[in-house]
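Visitor: quick one, what's the 3D model for this:
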Amino acid sequence: MLLSKKSTRNAKPSARCALEAAASIASDFNVSEIARVMAKSPTTLSNKLNTNIDSHVLMLQEAIAIQNITNDSRILNAWAYSEGKTVIDLPDVGLSDEELADQVLMLQETTGDYAKSVRYSRADGVITASDFDVIQKRSLAAITAILHVTAELEQMVRPDPSEPAAKATALKVA
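Guide: Presented below is the predicted three-dimensional model:
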């Protein structure tokens, strides 16, 4: 999803700046525990997460390690957001036909929720920041639902028996 420059600028700093997102890790997690798992000094890691200290720089490898340890993707999400992009979790695949049908229905429901949020937000002629937050959450839910159905359908792809490559493979097997 591409975001406008205006909507990117209006987001809170920890949502649009990877460095601010990294700094927010320190307030939500035990930095000493993260540092221990990373085999780093807690003071050094704290300094790397502090945006007011220029002598220590958080490296990409460390940001990835922090994400893996905390199971928190805020740094990645903020970096993507700052570039006008978004990150979507890919689904696990392997649904039955009935479960796939439920996923398609969920997709329709999610798309309807998105449209409803846009309509309600525009009802008074002004879309506020909180209105936009709801719209954005619903749009990401719709995109995620589409990706889930698409991933499931991809797993159902089989060779077309009428194509020459499939016939050649069938002859080799026989």
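Visitor: distance between stretch 63-79 and the chain's centre?
Guide: On the basis of C-alpha atoms, centre = their mean, to the nearest Å, stretch 63-79 is displaced by 11 Å from the centre of the chain it belongs to.
Visitor: er, stretch 103-112 I mean
Guide: Distance, centroid of stretch 103-112 to centroid of chain: 19 Å (C-alpha atoms, centre = their mean).
Visitor: buried sites along that stretch?
Guide: Using 16 or more other C-beta atoms under 10 Å as the test for burial, stretch 103-112 gives Q103, L107, T110, T111. C-beta here means a position set from N, CA and C on the backbone, and glycine is covered the same way.
Visitor: does the second one really touch V149, like I thought?
Guide: Yes. Using C-beta atoms under 8 Å, L107 is in contact with V149, at 5.5 Å.
Visitor: of the buried residues of stretch 103-112, which is the nearest to S41?
Guide: When the buried residues of stretch 103-112 are compared for distance to S41 (C-beta to C-beta), T110 wins out at 45.3 Å.
Visitor: list the contacts of that closest one.
Guide: By C-beta atoms under 8 Å, 6 or more residues apart in numbering, the residues touching T110 are R138, A141, A142, T144, A145.
Visitor: which SS class is the fourth one?
Guide: Classification of T144 by DSSP: H, G, I helix; E, B strand; the rest coil places it in helix.
Visitor: so the closest residue to it other than its chain neighbours, which state does it fall into?
Guide: Closest residue to T144 apart from its sequence neighbours, by C-beta to C-beta, 6 or more residues apart in numbering: I88 at 5.5 Å. Three-state assignment for I88 (three-state DSSP): coil.
Visitor: run a quick neighbour tally on I88.
Guide: 13 (other C-beta atoms under 10 Å).
Visitor: from what I can see it touches I146, true?
Guide: No. Judged on C-beta under 8 Å, I88 makes no contact with I146 at a distance of 9.4 Å.
Visitor: hang on, the earlier thing: who wins for most neighbours among the contacts of T110?
Guide: Busiest of the contacts of T110 [other C-beta under 10 Å] is A145, holding 22 neighbours.
Visitor: how about it, what does it touch?
Guide: So A145 contacts Q103, M106, L107, T110, T111 (C-beta under 8 Å, 6+ apart).
Visitor: and if we set it to 6 Å?
Guide: M106, L107, T110 (C-beta atoms under 6 Å, 6 or more residues apart in numbering).
Visitor: adding pLDDT, write those out as TSV.
Guide: Shown next, in TSV, are these (pLDDT from 0 to 100):
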residue	pLDDT
M106	93
L107	94
T110	96
